[in-house]
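Enquirer: next comes the sequence, and after it the predicted model I'd like to discuss.
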Amino acid sequence: MNFLFPSFLYALSAISIPILIHLFNFRRYKKLYFSNVRFLKEVVQESHSKSKLRQLLVLVCRCLIIIFLVLAFAQPFIPLKNGVTASGAKAVSIFIDNSFSMMGLNQNGTLLDDAKDKAEQIAKSLNPADKVQMVSQDFSAMQERWLNKDEFTEQLKGLKVSPASRMLGEIMARQEDNLNHSGCPVKESFVISDFQKSVAGMSSYKPEEAVSEAIIPVSAETKNNIDIDTCWFNTPVHLPGKVEQMFVKLMNYSTAEVTEKPIKLFVNGIEKATASFSIAPHASTTITLSYVPDKTILQQGEIKISDYPITFDDAIFFSYKLSANIPVLCIHPDSLKINTSLSYLYGKDSLFSLTDASSNHLDYSTFSYYRLIILDEVPSITSGMSTELMQYLTKGGDLFIIPPTSGMEQDSYNKFLTSLNFSPIGNIDTTHLKVDKLNYQSPIYAGVFEQKQHPNMDLPVVYKHYRILHSSNVAYENLMKLDNGDDLLDEFQYAQSHVYLLSVSLSDAFSNFRKHAIFVPTLYNIGLYSSHQQTLYYTLGKEQPIEAPNLNLPQGSLFKIKSITDTFSFLPERRVVNDKALLFIHNQISAAGNYKLIAGDSLISGYSFNYNRKESEMNFLTPTALDSLCKNAGVKNFSVLPSTGDTLPALLSEVNRGKYYWKYCILLALLFLAVEESLLRLWKE
């Protein structure tokens with residue numbers, strides 16, 4: 001019992017003490033207690049509000065999912081601005097770029113193959129009542145017939161690469177003109193190309209709103225190319241057995257450096273030189289190929305490199321003639337007869353053919369035959385002679401004037417010289433002078449001396465001379481200058497001709513020039529450089545006249561141009577303009593190469609034709625740039641179809657109606673489905 005009582009008291013105290021403490025602190029904690037109750041109540045209310053918000057967001061997501069699914073099936077679109085709304089039979093013009101740049105490669109083969117495939121897809125999407133035509137760089141009327149889609153597909157198979165290259169505006173204008181003559185109410189045009197920047201001009205294009213334009217770019221995987229840009233000689237004179245130096249310019253349109261790439265030169269079918277070259281990315285270089293031509297007068301050559309896949313510019317062809325006979329006419333007064341200095345120089349050299357004539361007995365009709373005419377101490381230039389000499393200079397002949405020893409009719413000379421806008425001749429200066437300077441930059445003296453003028457070099461001495469009166473508005477080049485500043489020999493240019501004016505006669509009373517060592521190279525080079533400047537090659541696609549020898553062909557005989565393999569020939573148009581025989585080929589040559597000019601059975605000359613190099617540069621317009629180009633040109637009804645993974649027929653409907661947005665609706669429906677799932681999984685109640 002004693003044991004239980006303390007235990008009872010202990011238990012009672014354990015129970016009663018907390019109660020007493022609680023009762024004692026109740027008043028103290030009463031305020032805190034009720035505040036906690038209110039807090040718990042607010043928490044419950046907030047939880048309930050969040051639950052409602054969660055349910056509301058889920059509901060909104062489900063509504064949006066349904067809305068965008070309905071819109072996707074409805075296929076919403078925004079119509080093109082000023083779109084074409086006509087209905088009925090459709091005429092479709094499809095341009096397929098078949099220029100050389102379309103030889104580039106992508107995953108579908110060449111760009112031309114890719115373009116033909118896209119054109120076939122367009123044709124197959126047409127209705128049986130629609131008609132379609134193909135337009136290419138050739139602008140062939142036979143090619144541009146209106147066909148049904150099956151005939152068009154068959155026609156595509158024969159399309160090949162062409163050297164022609166036209167501006168974008170020219171192409172679109174051609175399509176519109178064809179469509180306007182189609183007789184169909186609905187007109188559509190497609191342009192499938194790689195859209196090089198060099199042919200992107202649209203300045204002359206005037207778009208029509210009735211035609212719907214679709215632009216379809218194709219792109220190569222690699223845009224690298226190396227080309228032979230041009231070739232030339234530094235001198236117009238080509239002599240048998242003399243070393244030639246051919247300069248060749250090469251361009252690298254690639255992003256990678258080209259190192260030690262071989263290049264070969266062939267002349268008349270024989271390999272004459274081999275070299276190698278290196279070019280930095282997007283740079284150019286010029287190399288020199290040296291060779292000795294054979295004895296054949298006509299030289300026709302080819303320079304070749306190897307570069308894939310763009311190969312049209314890997315070769316350049318050229319033709320020229322060796323200077324074998326330069327006709328020279330020397331006109332002198334009756335009293336002088338033949339000048340022995342000129343006769344020995346031009347008459348004894350097989351390179352020249354010298355003809356002497358009296359100033360009183362001239363046949364002006366023969367002037368055009370000569371490359372150089374020398375007025376040797378002619379006392380006066382009559383009005384008739386002046387007129388004929390001006391016509392001669394206009395045609396490209398050269399003139400060398402040697403003033404007379406005495407009795408010069410100065411007014412007739414100066415009237416002729418001023419009519420050409422040359423410097424007139426003044427009075428005689430009897431001062432004893434010496435030649436002080438030679439013009440080493442002139443072709444006349446370039447290469448004559450091994451080194452530049454030495455201070456003690458022996459140069460001609462002049463006892464008296466005619467003063468040449470220069471003015472600021474007369475262009476000329478001095479070749480020899482006296483130590484008092486006067487000129488001994490000047491060169492003037494008139495059209496494509498050169499006129500040389502000597503201030504002394506060849507008499508010993510004026511100077512020792514004719515007996516001096518400088519006399520021979522001076523007059524020899526004047527005669528040599530009178531040789532006709534030859535055009536090495538012509539560019540296909542540029543309608544330019546070709547100068548032909550002015551021959552009197554036999555009755556019924558015509559000029560004919562033939563390939564060197566004799567597999568192709570045609571008759572060019574021949575016109576005589578200002579006594580010059582000009583030939584026009586009118587795009588009858590489509591392949592680059594060397595060709596022969598034939599008259600009857602005789603070989604007359606040779607010509608070379610090369611492809612235009614504007615397709616060589618691998619710079620292309622982006623879809624954004626194409627869009628801006630069309631807008632700036634005023635084209636309203638157009639669309640640039642993107643290069644996506646979609647098949648072309650899936651994009652064609654956008655051309656007529658506008659931009660479709662059903663795909664975006666599907667994406668938005670999936671997006672809100674994901675949001676709903678996230679709300680249900682991550683936002684717990």
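Expert: That came in fine, so what should we check first?
Enquirer: residues in contact with the residue nearest the centre of the chain?
Expert: Centroid-nearest residue in the chain: Lys614, 2.8 Å away (criterion: CA atoms, centre = their mean). Taking CB atoms under 8 Å, 6 or more residues apart in numbering as the criterion, Lys614 is in contact with 165, 198-199. Just so you know, the C-beta spots here come from the backbone N, C-alpha and C atoms, and that holds for glycine as well.
Enquirer: in a markdown table: those, plus neighbour count and pLDDT.
Expert: As requested, the contacts of Lys614 are exported to a markdown table (neighbours: other CB atoms under 10 Å; pLDDT from 0 to 100):
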| residue | neighbour count | pLDDT |
| --- | --- | --- |
| Ser165 | 20 | 90 |
| Ser198 | 17 | 88 |
| Val199 | 22 | 88 |
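Enquirer: of all these, which comes closest to Ala89?
Expert: Val199 (32.4 Å; CB to CB).
Enquirer: surely Cys61 forms part of a strand?
Expert: No. Checked against DSSP: H, G, I helix; E, B strand; the rest coil, Cys61 lies outside a strand; its state is helix.
Enquirer: got a list of what it touches?
Expert: Contact analysis of Cys61 by CB under 8 Å, 6+ apart lists 672-673, 675-676, 679.
Enquirer: okay if I get the residues you listed as JSON lines plus distance to Phe559?
Expert: What follows is the contacts of Cys61, written out as JSON lines (distance: CB to CB, whole Å):
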{"residue": "Phe672", "distance to Phe559": "80"}
{"residue": "Leu673", "distance to Phe559": "80"}
{"residue": "Val675", "distance to Phe559": "82"}
{"residue": "Glu676", "distance to Phe559": "85"}
{"residue": "Leu679", "distance to Phe559": "89"}
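Enquirer: I'd like the residues you listed laid out as CSV, including neighbour count, distance to Val237 and pLDDT.
Expert: Output for these, formatted as CSV (neighbours: other CB atoms under 10 Å; distance: CB to CB, whole Å; pLDDT from 0 to 100):
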residue, neighbour count, distance to Val237, pLDDT
Phe672, 19, 84, 84
Leu673, 16, 84, 86
Val675, 16, 85, 84
Glu676, 18, 89, 81
Leu679, 16, 91, 77
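Enquirer: what is the burial count for His532?
Expert: Under the neighbour criterion other CB atoms under 10 Å, His532 is assigned a count of 14.
Enquirer: quick check: it touching Arg371?
Expert: Yes. Between His532 and Arg371 there is a contact at 6.7 Å, judged by CB atoms under 8 Å.
Enquirer: quick one: the residue nearest to the centre of the chain from Leu105, how far?
Expert: 21 Å (CB to CB, to the nearest Å).
Enquirer: where does the chain dip in pLDDT?
Expert: Low-confidence segments of the chain (pLDDT under 70): 1-48, 77-87, 450-456, 579, 643-660, 684-685.
Enquirer: quick check: closest non-adjacent residue to Val135.
Expert: Phe95 (4.4 Å; CB to CB, 6 or more residues apart in numbering).
Enquirer: which elements pack onto the helix or strand harbouring that neighbour?
Expert: Taking DSSP states H and E as the definition, one finds Phe95 inside strand 90-96. When contacts are defined as 3 or more CB pairs under 8 Å, 6 or more residues apart in numbering; DSSP states H and E, strand 90-96 packs onto helix 111-124, strand 131-135, helix 168-180, strand 186-193.
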